Structure formats: structure tokens, C-alpha cells
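Chemist: mind looking at a prediction? Sequence and model below.
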Amino acid sequence: MRALRWFLAAVILGVLAYFNFFVLRAPLLVKLINVSLFSALFVLYRVVRGPSPADRIIAVDILGILIISVLALYGLAHGQGFFMDIALIWALLSFVASLAFAKILEGRGLDD
Amino acid sequence: MIRQQIGMILIGIGILFNFLGVLGLIRLPDVYNRLQAATKCVTFGSAGLLFGVFVLQGFSSFGIKALLGIGFIFLTSPVAAHAIARAAHRSRIPLCPESTTDAYESDRELREEAPRDVA
């Protein structure tokens, strides 16, 4: 069972890497954006199937930082500067949301 | 031209760090292990990626905003990770069975058993 899971993960990662880097005809920046989006997909697996609430909170925090990097790369690929504004605002809101989730998990209210 | 190569190498290193951190988030057995792997790797990976964007763009508004993003991530991500770890330990989420010591728990027991009327 354990060997089967390792084999399945190796097949999935190998297929993703092969089709991303050798089959897809796109600029290099688009391929790097695809790798970041695969990482976000794995983080969403941890959000859906976290055993405890702390796992889900950690995954949402990491997803916020990943979205910042994806937005920076997207603005670089399109040559537009306003994506970085969206990234900064997203970082601010993600930080406040993480602190609020941590306080709720600890069992205190939001006002003490 | 060499500026573009340096920027793309920095972006590649950052994305590699992000990917390894997310693999740690999936594979490790415990809340605290996942937290330390994912937070450190993804913070430094995103910082390297934003610095690569700054190298590619120079001192335009885009590059200055990327530097601002690096400073903001370095300030906020350890604070959020520390708050989440403290909340998880205080809400009695157990450690993985292979772990041998829990210094925070023993320290808190000692502090609660100590006499408080010394002052």
C-alpha cells in the first residue's frame, strides 16, 4: 500500500513535469506560473483533507503567500504594474485573517 | 542581458523553494512539522522570487512594490506562524507519536506549579 502510494505520487509528478516542460509550447515564465499553480493545488489538498483545524489554517496562510508570488509573475508576464498592488493588498488581508483564525482557534474572542 | 539571466535564475530558485515547502506541507506527519517546513520554505522562496522580479524590473514602480512586498512578507509571516503554533498547542492538538519531548508543555506545568506569592 505504501509502495503503491509512492508510485502514484511519482507518476503524477513525472507526468506534470513532462507535459509542462517538454510538451507545452509557451514562454518560460508561463511554465513557471504553471509550477506555482500546481503547488497551490497541493495546498488545496491539505485544506480539504486536514485532520485538524490548525492544518487548514496553516494551509490558507501558505496559500496567501503563494498567491502573492503568482500575482508578481503574472504582472511580469503581462508587463502590467498594478498586479503588484493587488499582491500587497492580498498580503495585508491574509495576515489579518491568519491572526484572527489563530485567536479563534485558541478559544479567545476577537476583542481581548 | 545578464540582468535578465540573473533575474530568471532568482525566480527559478524561488519557485523551487516554494514547491519543496508545499511538498513538506503534504508529507510531514504533524501540525508543527508542517508549520515549520511550509512557513520557512515558502517565505524565503517568495522573497527570492520577488527579488528576482525587482532585478528584472529595476527601479520602476513595479520593482519598488516588489521590494515592499519582500519587507512585508519578512515582517508578517513569522508572526502569523508563531500565533498559529501557540494557538494549536494551547488547543491541545497532539504531537505525532514519534516525538520524544515537548518543552513548551513541561515549561508551562512548572510555571503553574510554582508559588506565586514571592513578590
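Modeler: Thanks, I have it. Residues are numbered from 1 along each chain as shown, chains lettered A, B, ... in the order given.
Chemist: report the mean per-residue pLDDT for the top helix by length along chain B.
Modeler: The residue-count maximum for a helix in chain B (DSSP state H) belongs to helix B:61-90. Model confidence over helix B:61-90, given as mean pLDDT, is 91.
Chemist: what's it packed up against?
Modeler: Contact analysis of helix B:61-90 by 3 or more Cβ pairs under 8 Å, 6 or more residues apart in numbering or on different chains; DSSP states H and E lists helix A:53-78, helix A:82-106, helix B:31-57 as its packing neighbours. Any C-beta I mention is one placed from the backbone N, CA and C, and that applies to glycine too.
Chemist: adding mean pLDDT, distance to B:Ala103 and mean neighbour count, write these out as CSV.
Modeler: Below are the helices and strands packed on helix B:61-90 laid out as CSV (pLDDT from 0 to 100; distance: least, Cβ to Cβ, whole Å; neighbours: other Cβ atoms under 10 Å in any protein chain shown):
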stretch, mean pLDDT, distance to B:Ala103, mean neighbour count
helix A:53-78, 91, 19, 22
helix A:82-106, 91, 19, 17
helix B:31-57, 91, 12, 23
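Chemist: which ones are touching A:Leu44?
Modeler: A:59, A:63 (Cβ atoms under 8 Å, 6 or more residues apart in numbering or on different chains).
Chemist: hmm, try it at 7 Å
Modeler: Taking Cβ atoms under 7 Å, 6 or more residues apart in numbering or on different chains as the contact definition, A:Leu44 lies against nothing.
Chemist: same deal with A:Ala77?
Modeler: By Cβ under 7 Å, 6+ apart, the neighbours of A:Ala77 are A:29-30, A:33.
Chemist: return the subset of the residues you listed lying in helices.
Modeler: Assignment to helices by DSSP H places the following of the contacts of A:Ala77 there: A:29-30, A:33.
Chemist: can you list these in TSV and add neighbour count?
Modeler: Output for those, formatted as TSV (neighbours: other Cβ atoms under 10 Å in any protein chain shown):
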residue	neighbour count
A:Leu29	16
A:Val30	14
A:Ile33	19
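Chemist: spit out the contact partners of the residue most central in space within chain B.
Modeler: Taking Cα atoms, centre = their mean as the criterion, B:Thr39 is the residue nearest the geometric centre of chain B, at 2.4 Å. B:Thr39 sits next to B:77, B:81 when contact means Cβ under 7 Å, 6+ apart.
Chemist: again with the one 5 residues further on
Modeler: For B:Phe44, the contacting residues are B:Phe17, by Cβ under 7 Å, 6+ apart.
Chemist: what about it, distance to A:Val11?
Modeler: Using Cβ to Cβ, to the nearest Å, one gets 30 Å for the distance from B:Phe44 to A:Val11.
Chemist: how about the residues of chain B near chain A?
Modeler: Within chain B, the positions adjacent to chain A are B:8, B:11-12, B:14-15, B:18-19, B:22, B:25-26, B:31, B:34-35, B:38, B:42-43, B:46, B:49-50, B:53, B:56, B:61-62, B:65-66, B:68-69, B:72-73, B:76-77, B:80, B:83-84, B:87-88, B:90-91, B:93 by Cβ under 7 Å from any Cβ of the partner chain.
Chemist: regarding A:Arg25, what is its secondary structure?
Modeler: What DSSP: H, G, I helix; E, B strand; the rest coil gives for A:Arg25 is coil.
Chemist: that one: neighbour count?
Modeler: Neighbour count for A:Arg25, taken as other Cβ atoms under 10 Å in any protein chain shown: 5.
Chemist: where's A:Leu44, which helix or strand?
Modeler: With secondary structure defined by DSSP states H and E, A:Leu44 is part of helix A:28-48.
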